[in-house]
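Chemist: Give the three-dimensional model of this entry:
(6 chains)
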There are 6 protein chains.
Amino acid sequence: MNVTPTNRPKAEGDGPTMTPPELSHVDKAGRARMVDVSAKPTTVRTARAEARVQLGEALARRLQETGGVEKGPVLPTARIAGILAAKKTADLIPMCHPLALDHVELDFAFEGDVLRIEAEARCQGRTGVEMEAMTAVMVAALTVYDMCKSANKGIVIQQARLLEKTGGKSGRWTSEPSQ
Amino acid sequence: MNVTPTNRPKAEGDGPTMTPPELSHVDKAGRARMVDVSAKPTTVRTARAEARVQLGEALARRLQETGGVEKGPVLPTARIAGILAAKKTADLIPMCHPLALDHVELDFAFEGDVLRIEAEARCQGRTGVEMEAMTAVMVAALTVYDMCKSANKGIVIQQARLLEKTGGKSGRWTSEPSQ
Amino acid sequence: MNVTPTNRPKAEGDGPTMTPPELSHVDKAGRARMVDVSAKPTTVRTARAEARVQLGEALARRLQETGGVEKGPVLPTARIAGILAAKKTADLIPMCHPLALDHVELDFAFEGDVLRIEAEARCQGRTGVEMEAMTAVMVAALTVYDMCKSANKGIVIQQARLLEKTGGKSGRWTSEPSQ
Amino acid sequence: MNVTPTNRPKAEGDGPTMTPPELSHVDKAGRARMVDVSAKPTTVRTARAEARVQLGEALARRLQETGGVEKGPVLPTARIAGILAAKKTADLIPMCHPLALDHVELDFAFEGDVLRIEAEARCQGRTGVEMEAMTAVMVAALTVYDMCKSANKGIVIQQARLLEKTGGKSGRWTSEPSQ
Amino acid sequence: MNVTPTNRPKAEGDGPTMTPPELSHVDKAGRARMVDVSAKPTTVRTARAEARVQLGEALARRLQETGGVEKGPVLPTARIAGILAAKKTADLIPMCHPLALDHVELDFAFEGDVLRIEAEARCQGRTGVEMEAMTAVMVAALTVYDMCKSANKGIVIQQARLLEKTGGKSGRWTSEPSQ
Amino acid sequence: MNVTPTNRPKAEGDGPTMTPPELSHVDKAGRARMVDVSAKPTTVRTARAEARVQLGEALARRLQETGGVEKGPVLPTARIAGILAAKKTADLIPMCHPLALDHVELDFAFEGDVLRIEAEARCQGRTGVEMEAMTAVMVAALTVYDMCKSANKGIVIQQARLLEKTGGKSGRWTSEPSQ
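Modeler: Predicted coordinates:
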C-alpha cells in the first residue's frame, strides 16, 4: 500500500451538483433524525477503519522497545479502550442506531514514527458498522495520546478514515487503491 | 505496505535519547494506572484542540449553502455531540481522571473543502483538560462523518491535535506556529 | 398561573375493581423484576408520546422569533437530547428491556405559549417502545427547561403522556380522540 | 496558523428587541455552549422539584393498598431510579455542567388519584442543582409509568416544575404560593 | 435449601494438561479481542449465578427484622441495582458482547448470618448470559455492602459463582451437585 | 399548595431495639436516600480492597506461564476494567455519591491456584472511597472470569472485602489481622 496523505480522495458526488449529495440523517424540513431502518433486511455487515498517530521518533522508539507492540501497557490499554468505545458508539454519535456488535478487533503497527491503528467491526443488523469501526480507532488513538502526552504533547492524530465496508443495500465500498 | 506521511512536525523529545520520554500513566513495573494527583494544587486549566475534516468539495459546498455553518443540522448536532463527549472523557479514556468541567465550547469554520473544528475546555482541578478538548473535537468529527457518510464515505478526519494548554505545574504549552 | 389539565382520560380499569389492575413488572411475592419476554414474537412496534411545555409568553415569543422552531439552538439541542435519551431508556428505567431502536424522531410545535413536543419511536422487538417515546419527550422537555431557565424558572412541563402504540399482543392503543 | 471563523451567520433574532429574556446557554452568535462558570464562587446549592402523576382511581387505590406508599415495589423502584437519574443529569441534558451531588432524596404522597413526587437535591458547586431535582422527579415519574402501564396506559405525567432553589448569585427562588 | 459453601468445585481442566485450557478472548498473537460470534446460531440462553454476603449476626438480624427480606429498603435497592447492572454488563466487562436481555430476576435468602443472592438472566442471542447473571449478583452484593457498611465494614462477599447455564453449542452446564 | 405526606407508613423495625446497627442510607421512615454530606469537611480519603479468584490449577498455571502476571492479556484487561469501573461506582451503586477520584491502582498476585486482586483508591472529598475500591476489584474479578470461562466455568470469586480505609470522621479502619 502506498499512502500519501497529501492527495485527498475526490469527494463522491463532486462534479456538477444537479443532484446534491443526500444526507440521510436530515429530513426534508432540515431536521436531524435517527433514520427509520425497520424495513431494511438484516444482513452481515463489516467495516474496517484506520487512524494514524504520529508519535515523534523518540516516543515511537520507546513504545516499540518497551516490550514491543503487544506487551507494553500503552497499546493493550488503547486496544481495550477502542473495543469498549465501539460498544458506546450509539451513545456518542447522536443519530447512530444502537446495534449488537458480533465482533471488534484492533491492530497496531509501527511505520516509522507513526503508529497505525486498524479496527474491524462486524454485526448482523439493519445498519452498517462503519461508525463502530471509526469510533474504535479514534478512541484508541485518543488513549495513546493520553498515555503519551507527558512525553510529547505534539502528537498528531491524522488520517482517520474508513477503509472498507461490506453488507447492506450499497454492498461493498473500499477506499481508493492509491490510498 | 509502504506508508510515508511526509509532512510531520518534529516530535518533541526527538534527538539523542539519553533521557527517554516519561510515560506518567505507566508505573515502574510496566503497569497502567490512574496517576495519583491528590497532592497537586487545584488551578484553573484550559485546553484548546482542533480536528480538520476533509469533506470533499460538493459536500463542503452543500453544508455551507444549507443555511451556513450554524443553521443546518449537521454542525449543531456535531457541536452537541462534542460537548456531551467532553463530559464522557473519563469514561472513554481509561487512565483519565474524572473532573468537573466548567466550560466547553466548539467552533466550526470552512477552509476550502475542509471543515475545521476547534474546542475549548476549562476546569478548576488537579489535572489538565487536554483530553476533554481532544475528545470533543474527535467526537464532533465522527458525528460529521456519520451524518455525511451517505454523501461521501471517503471523508478523512485529519490533523487532530492539541493547540494549547494552560494551568498546572507545566504551565502554558502551545503547538508550534507553523502548524 | 392557572393550569387545569381537564381533559384527562378515564383511567383504564376504573370502576368496580373485582379484578385489580395487573402490574406486570411485579411478581406474586411483590418483587420487582424485568419480565421474561423471551417467548414473545418479534413484531414491529411503534409508539408516539407528547409533552407540553408551558413557557410563558415572552419566552415563547422569543423562541419563535429567533429563527423559528427549527433554527434557533434550543429546539435542535432538545431534539438531539431526546433522541440520545431514547437510546438510554433501559439504563434509566430499571425494569425496561434493552432494545435496538430502528427509528426515533421528535417534532416541535407552538400552541400559544405552550411548546408541544412529540416523539415517535419504532423497533422490531419483543417489547414495546412506549418508554422510549416517553423518555424522548421528557428529556427534550428537560433540555428546553435547562436552556430557558435563566429567562423563566417557572416553566411547567405538563401533560406528558402516551398518544399511541402499535404492535405486540395488545395491538393498537390510542389516547382518547378529544385529546 | 491563522484561523478566522469569519463566516459566522448573524445571530438570529438580532435587532430591536426591548428586553428579551436572556438564554445563558446560547452565545451571541446563536450557538449552544456549556457556559463558563469557572469564575463563579462555590456555594451550597439546593433545589426542590415536583411531578404529579395522574394514575386513575383504580391504580391509585391499588398502589396505596399493596403495602402503602413505601412498601410496594413501584415507589421504591421509582425512588431509586430518580436518585440514579439525578447523577446522570449532565449526561442527559447537553448543556448541563457535571457536578458532585451531596444529597438527593425523593418523597411520594397520594392526593386522590394523583401521585405527587417531590425531589430535593443539594451540592456545593459553581452551578445550581435545579436540573438534578427536575431530572429526578421526571425519571421517577417515567418509572411509575413503566411499572403501571400494563394496568393503565392513559397515565398522565403533569405539572412537573421547579418548586424552589437556593444558593448562587440569584439566591432563593420559589414558585408562586398558590401553586 | 441446603447450601454448604465449604467445598469448592474442582476446577475444570485440572489434572494432566496436555491440552492447555483455551481462552477464547485471546487470539494466537496474545491479543485481547471481542470474539466473532456472527456465525453462531441464535438460541435461548439462560444463566443463574449466586453471591453469598456474610453480614455478621447483628446486621443479618436487623435486615430480617425490619420488615423481612422484601420490605426493608436494602434488598429492594440491591435488587434494582443488580437488574440495572445486568444491562450494563457489556459496558463493564471489556470483551463481553452487547446483548438484548429478555429477563433478569434476583432473589434473596438468609442462611444464618449470610445473605444469599441469586440472579437469573435470559436472552435469545448468539452468546451466553453468564456474565449478565454474574454481574447482577456482584453489583447487588456491592449495594448491600454500601448500604450496610456504616453498621459493619467487615462484611465479606464470598462465593460468587455461576450455578448453571443453558443454550448455545456447549449446552447445559451446572456447578457440582453438593454445592 | 399544601402537601402533607401524612400517610407514611411507620418505619419498619421501629420499637424496642437495644442498639441496632445504624444504616446511614436509610432514613427514619425506612426510605432509601443518598445521605446529605454537604456539611462534611473535604479530606483525603483512601481505601484498599481485595478479591480472591479461585482459578483451578491448570488455569492458574497457564495465566502465569503465558508471559507472567503482567504480560498476558487477561490481567491487563482486568486491570483496565477495574480502573474504569471505579469511575462508574456512583452509576452502579444507587446510594453512592459521585466523587472525583484522584488515583486508582490495581495489583495482581498468584497464591497457589488463587489470583489475588487488590485495588487502592484515593480522593479528596466529603465521602469515602471504599465503594470505588470494592467495585474495582469486583469488576476486575468479573473480567478475569469472563476471559477464562471458556477454560473453566467453575471459577469462584471469593473473599471480596475491604482491607483498609483512611480519612473522614471515623478515621482509619482496617480488617482484622487473621483475615
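Chemist: From now on I want contacts and neighbour counts done on CA atoms only, so please keep to that.
Modeler: Will do.
Chemist: quick one, strands of chain A?
Modeler: Chain-ordered strands for chain A, with DSSP state E as the definition, fall at A:2-3, A:43-54, A:101-111, A:114-125, A:156-166, A:173-174.
Chemist: residue contacts, the closest residue to residue A:139 other than its chain neighbours?
Modeler: Distance criterion C-alpha to C-alpha, 6 or more residues apart in numbering or on different chains; nearest residue to residue A:139, sequence neighbours excluded, is residue A:82 at 5.4 Å. Residue A:82 makes contacts with A:106, A:135, A:136, A:137, A:138, A:139, A:140, as judged by C-alpha atoms under 8 Å, 6 or more residues apart in numbering or on different chains.
Chemist: How about residue A:43?
Modeler: By C-alpha under 8 Å, 6+ apart, the contact list for residue A:43 reads A:124, A:125, A:126, A:167, A:168.
Chemist: what residues are up against the last one?
Modeler: When contacts are counted by C-alpha under 8 Å, 6+ apart, residue A:168 touches A:41, A:43, A:44, A:45, A:126, A:127, A:128.
Chemist: which residue packs closest to residue A:172, ignoring adjacent ones?
Modeler: Per C-alpha to C-alpha, 6+ apart, closest to residue A:172 is residue A:166, 4.2 Å.
Chemist: tally of neighbours for the closest residue to residue A:41 other than its chain neighbours?
Modeler: Nearest non-adjacent residue to residue A:41, counting by C-alpha to C-alpha, 6+ apart: residue A:126, 5.8 Å away. Neighbours of residue A:126 under the rule other C-alpha atoms under 10 Å in any protein chain shown: 22.
Chemist: What's the per-residue pLDDT of residue A:126 here?
Modeler: Residue A:126 is assigned 92 on the pLDDT scale.
Chemist: pLDDT below threshold where in chain A?
Modeler: Counting by pLDDT under 70, the low-confidence segments of chain A come to A:1-22, A:67-72, A:177-179.
Chemist: in it, what residue is nearest chain C?
Modeler: Distances between chain A and chain C by C-alpha to the nearest C-alpha are smallest at residue A:36, namely 4.3 Å.
Chemist: Kindly confirm whether my reading is correct that that residue touches residue C:121.
Modeler: No: judged on C-alpha atoms under 8 Å, residue A:36 makes no contact with residue C:121 at a distance of 9.1 Å.
Chemist: which residues are common contacts for these two?
Modeler: Going by C-alpha under 8 Å, 6+ apart, residues that sit against residue A:36 and also against residue C:121 are C:102, C:103, C:104.
Chemist: Report the angle between the longest helix seen in chain A and strand A:43-54.
Modeler: For chain A, the helix that runs over the most residues, judged by DSSP state H, is helix A:130-148. In terms of direction (axes from the mean of the first three to the mean of the last three C-alpha atoms, to 10 degrees), helix A:130-148 departs from strand A:43-54 by 30 degrees.
Chemist: Does helix A:130-148 pack against any helices or strands, and if so which?
Modeler: strand A:43-54, helix A:74-87, helix A:89-92, strand A:101-111, strand A:114-125, strand A:156-166, helix B:130-148 (3 or more C-alpha pairs under 8 Å, 6 or more residues apart in numbering or on different chains; DSSP states H and E).
Chemist: now do 7 Å
Modeler: Judged by 3 or more C-alpha pairs under 7 Å, 6 or more residues apart in numbering or on different chains; DSSP states H and E, helix A:130-148 is in contact with strand A:43-54, helix A:74-87, helix A:89-92, strand A:114-125, strand A:156-166.
Chemist: Could you provide those in JSON lines, with additional columns for distance to residue F:62?
Modeler: Formatted as JSON lines, the helices and strands packed on helix A:130-148 follow (distance: least, C-alpha to C-alpha, whole Å):
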{"stretch": "strand A:43-54", "distance to residue F:62": "33"}
{"stretch": "helix A:74-87", "distance to residue F:62": "19"}
{"stretch": "helix A:89-92", "distance to residue F:62": "34"}
{"stretch": "strand A:114-125", "distance to residue F:62": "28"}
{"stretch": "strand A:156-166", "distance to residue F:62": "37"}
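Chemist: Correct me if wrong: residue A:101 contacts residue A:126.
Modeler: No: applying C-alpha atoms under 7 Å as the test, residue A:101 and residue A:126 come out as separate, 11.9 Å apart.
Chemist: Distance of the residue nearest to residue A:172 relative to residue D:37?
Modeler: Note on residue A:166: its distance to residue D:37, by C-alpha to C-alpha, to the nearest Å, is 47 Å.
Chemist: likewise residue A:35?
Modeler: For residue A:35, the distance to residue D:37 equals 36 Å [C-alpha to C-alpha].
Chemist: Also residue A:37?
Modeler: 41 Å.
Chemist: got it, and residue A:141?
Modeler: Taking C-alpha to C-alpha as the measure, residue A:141 falls 30 Å from residue D:37.
Chemist: and if you look at residue A:48?
Modeler: 41 Å.
Chemist: what sits against the residue nearest to residue A:41?
Modeler: Contacts for residue A:126 (C-alpha atoms under 7 Å, 6 or more residues apart in numbering or on different chains) come out as A:37, A:40, A:41, A:42, A:43.
Chemist: quick one on the thing from earlier: in terms of neighbours, single out the busier of residue A:36 and residue C:121.
Modeler: Between residue A:36 and residue C:121, counting by other C-alpha under 10 Å, residue C:121 is the more crowded of the two (28 against 19).
Chemist: Which residue is the nearest non-sequential neighbour of that one?
Modeler: Take residue C:121 and drop its neighbours on the chain: the residue closest to it by C-alpha to C-alpha, 6+ apart is residue C:104, 4.5 Å away.
Chemist: What is the burial count for that neighbour?
Modeler: Here the number of neighbours of residue C:104 (other C-alpha under 10 Å) works out to 27.
Chemist: Just to check, it is in contact with residue A:34?
Modeler: Yes: with contacts counted by C-alpha under 7 Å, residue C:104 reaches residue A:34, the gap being 5.3 Å.
Chemist: is chain B contacted by stretch A:50-65?
Modeler: Yes: using C-alpha under 7 Å from any C-alpha of the partner chain, we find that stretch A:50-65 touches chain B at A:55, A:56, A:57, A:58, A:59.
Chemist: now these in CSV, with neighbour count and distance to chain C?
Modeler: Formatted as CSV, the residues of stretch A:50-65 next to chain B follow (neighbours: other C-alpha atoms under 10 Å in any protein chain shown; distance: C-alpha to the nearest C-alpha, whole Å):
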residue, neighbour count, distance to chain C
A:55, 31, 35
A:56, 24, 38
A:57, 19, 41
A:58, 21, 42
A:59, 27, 38
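Chemist: which ones are touching the closest residue to residue A:106 other than its chain neighbours?
Modeler: Nearest non-adjacent residue to residue A:106, counting by C-alpha to C-alpha, 6+ apart: residue A:119, 4.3 Å away. The contact partners of residue A:119, taken as C-alpha under 7 Å, 6+ apart, are A:48, A:49, A:50, A:105, A:106, A:107, A:133, A:136, A:137.
Chemist: any idea how far residue A:119 is from residue A:163?
Modeler: Per C-alpha to C-alpha, residue A:119 is found 10 Å from residue A:163.
Chemist: With residue A:105 instead?
Modeler: Per C-alpha to C-alpha, residue A:105 is found 15 Å from residue A:163.
Chemist: And residue A:132, by the same measure?
Modeler: From residue A:132 over to residue A:163 the distance is 13 Å, taken as C-alpha to C-alpha.
Chemist: and those two? which has more neighbours close in?
Modeler: Taking neighbours as other C-alpha under 10 Å, residue A:132 and residue A:163 compare with residue A:132 leading, 31 against 23.
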